[in-house]
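J.: My questions concern the predicted model and sequence given below.
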Amino acid sequence: MSTQTQAPVRRDPRSADARDVAVRLEDVSRVFRRGGEVKALDGVSLSVPRGSFLAVMGRSGSGKSTLLQIAAGLDVPTSGSVWIGDTEVSSLRETPRTRFRRDRVGFVFQGYNLLPSLTVEENITLPLRLAGTAVDRAWVGTLVEQTGLADLLHRLPGELSGGQQQRVAITRALGPRPDVVFADEPTGALDLATGQRVLALLGELVAEHGQTVVMVTHDPGAAAFAHDTVVMADGRIREVLLSPDAESLAAVLGEQSVLDAQGGPDAGAQGVPDGEGVLDAQGVLGGQR
Ligand SMILES: Nc1ncnc2c1ncn2[C@@H]1O[C@H](COP(=O)(O)OP(=O)(O)OP(=O)(O)O)[C@@H](O)[C@H]1O
């Protein structure tokens, strides 16, 4: 099952010479030194073409969330560089990096991260209002029609189902027309059917509006909605799968578990909570460990 209505640009996402690239990582490593040294990313190079939908998979502790946090400019690499469009985000100081994220990057998290006291409409337009950007009513109107929220704009998040709340989060992420949307387990809290509808919607937004999406997921069924998938292991990209279906994804992940079992499980690798979004100092939605 797939929503590949668009003919995506087929390039190996590791190659650094891709032209129209939304996000690029060059030889990125991230070492955590708290409680012993952990190399969460180990020389990762990755180019995500504009208008593509990339899934990032791999077992717990393989470096998926770290990759997402660094690619999104929420964290900086220990070495290597990260580009979003033509901006080297890894060389920006914290305040300009925060501003850059606010203006150019969208986030969708498992927990939706909507503000409970604001209506759907207020949640959707919040990033624009915080940035002092005029709300493009026509664009937001197009989005809410497409995400099926037009009749729910005056409700509070607590009055919505999980799938509806995630659709609000997706609409909010796309409101500022970001260069790229990063999604961390966006269907993790949803039942299968609702999750599939949300993923199909993300696929449509990519196909119809040329949006670039990078999504971390544990679920091969979810990754099958993306164009391409990179599989992480031990902080590296172990496999790149171009247009895989759910069966081939499951097969690769199955092989990986066998290899992992043979190599011995990494008892020290612990799942870190998915980027749980918070409002940062600028009131911008972002992830934080
Ligand atoms: N802030 C941190 N401090 C110390 N170690 C960290 C930190 N964040 C991540 N790590 C370690 O880096 C490695 C990669 O973690 P990461 O969260 O990126 O993996 P993941 O693939 O996203 O896992 P999961 O699927 O469980 O969310 C793990 O060994 C983890 O324990």
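T.: Yes, it's here.
J.: Next one: the closest residue to F225 other than its chain neighbours from A173, what distance?
T.: Leaving out its chain neighbours, the residue that sits closest to F225 by C-beta to C-beta, 6 or more residues apart in numbering is L199, at 4.0 Å. From N, CA and C alone the C-beta is placed, and that goes for glycine too. Per C-beta to C-beta, to the nearest Å, L199 is found 14 Å from A173.
J.: surely the residue nearest to F225 meets A222?
T.: Yes - the pair L199 / A222 is scored as a contact, 5.7 Å apart, by C-beta atoms under 8 Å.
J.: tell me, what's touching those two both at once?
T.: Taking C-beta atoms under 8 Å, 6 or more residues apart in numbering as the contact rule, the neighbours common to L199 and A222 are T187.
J.: neighbour count winner among the two?
T.: Neighbours per residue (other C-beta atoms under 10 Å) separate L199 from A222, with L199 holding more: 29 against 26.
J.: tell me what the helix or strand containing that one is packed against?
T.: Secondary structure from DSSP states H and E places L199 in helix 192-209. With contacts taken as 3 or more C-beta pairs under 8 Å, 6 or more residues apart in numbering; DSSP states H and E, helix 192-209 sits against strand 53-58, helix 137-146, helix 162-174, strand 213-216, helix 220-223.
J.: Need the contact partners of the third one.
T.: In other words, helix 162-174. With contact meaning C-beta under 8 Å, 6+ apart, helix 162-174 is reached by 106-109, 112-114, 120, 123-124, 126-127, 140, 143-144, 147-149, 152, 157, 160, 181, 186-187, 189-191, 194-195, 197-198, 201-202, 205, 209, 211, 285.
J.: Just the buried ones from those?
T.: Buried residues within those, counting neighbours by 16 or more other C-beta atoms under 10 Å: 106-109, 112-114, 120, 123-124, 126-127, 140, 143-144, 147, 149, 152, 157, 160, 181, 186-187, 189-190, 194-195, 198, 201-202, 205, 211, 285.
J.: Can you tell me which residues in the stretch 51-200 of the chain are near the ligand?
T.: Those residues of the stretch 51-200 of the chain that sit near the ligand, judged by C-beta under 6 Å from any ligand atom, are G58, S60, G61, S62, G63, K64, S65, T66.
J.: Buried among these? Need that as a selection in PyMOL.
T.: Filtering these down to the buried ones (16+ other C-beta under 10 Å) takes a single PyMOL command:
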select buried, resi 58+61+62+63+64+65+66
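J.: Inside strands: which ones of the residues of the stretch 51-200 of the chain next to the ligand?
T.: G58 (DSSP state E).
J.: Widest-spaced pair of the residues of the stretch 51-200 of the chain next to the ligand?
T.: S60 and T66 (12.2 Å; C-beta to C-beta).
J.: returning to that earlier point: now the helices and strands packed on helix 192-209 as CSV including distance to T95 and mean pLDDT?
T.: As requested, the helices and strands packed on helix 192-209 are arranged in CSV below (distance: least, C-beta to C-beta, whole Å; pLDDT from 0 to 100):
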stretch, distance to T95, mean pLDDT
strand 53-58, 28, 95
helix 137-146, 28, 92
helix 162-174, 22, 94
strand 213-216, 24, 96
helix 220-223, 35, 90
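J.: Would you format the ones you listed as TSV with distance to T229 included?
T.: Below are the helices and strands packed on helix 192-209 laid out as TSV (distance: least, C-beta to C-beta, whole Å):
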stretch	distance to T229
strand 53-58	4
helix 137-146	25
helix 162-174	20
strand 213-216	10
helix 220-223	5
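J.: Lovely, talk soon.
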